[in-house]
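Participant: My questions concern the predicted model and sequence given below.
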Amino acid sequence: MAASLAEVGLKRIADVLALPRATLAARFDGLLDALDAARGLAEVPISPRRPLPACVAEQNFAEPVLLERDVLATLETLGGRLARVLETRGEGARILEAALFRTDGRVVRISVGTGAPLRDPARMARLFADRLA
């Protein structure tokens, strides 16, 4: 949209605001909504936060993890931590999610599920191994 505005000589927001809104709406789809949101004149819905999981196990690294086998070994270690919590509660996991935070800022989420509750870290890691493959 910025490129389209620049093509017609509109390089500053003040240039755009000086024009009639009807003209802008006809030529630039979504521009008025974006302008109103930027100026605080329109409500912009926010997406809700994800619900908190019943149990969490996490591991931070000082350096990026490069090998799939290292990721799987870490998932098994985390599964062991999770299994101890589940054992104490007398529960088992049916849905597991691994959130992998990449160095480029992207988050990769991998979810797995089981037909029966489980607490075995090796089985948890195998479920993730199938998804990573």
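Facilitator: Cool, got the structure. Bear in mind the structure is a predicted one, so any value in this text is a computation, not a measurement.

Participant: need the contact list for the residue nearest the centre of the chain.
Facilitator: For the chain, the residue sitting closest to the mean C-alpha position, by CA atoms, centre = their mean, is Val107 at 5.3 Å. Residues touching Val107, when contacts are defined by CB atoms under 8 Å, 6 or more residues apart in numbering, comprise 99-101. The way it works is simple: take the backbone N, C-alpha and C, and place the C-beta from them, glycine included.

Participant: Please render these as JSON lines that adds secondary structure to the earlier fields.
Facilitator: Compiled in JSON lines, the contacts of Val107 are given as follows (DSSP: H, G, I helix; E, B strand; the rest coil):
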{"residue": "Ala99", "secondary structure": "strand"}
{"residue": "Leu100", "secondary structure": "strand"}
{"residue": "Phe101", "secondary structure": "strand"}
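
Participant: Format the residues you listed as JSON lines; extra columns: distance to Val8 and neighbour count.
Facilitator: Below are those laid out as JSON lines (distance: CB to CB, whole Å; neighbours: other CB atoms under 10 Å):
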{"residue": "Ala99", "distance to Val8": "44", "neighbour count": "12"}
{"residue": "Leu100", "distance to Val8": "44", "neighbour count": "14"}
{"residue": "Phe101", "distance to Val8": "42", "neighbour count": "13"}
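
Participant: Now flag whichever of those residues is closest to Leu24.
Facilitator: Distance ranking of the contacts of Val107 against Leu24, using CB to CB, places Phe101 first at 39.8 Å.
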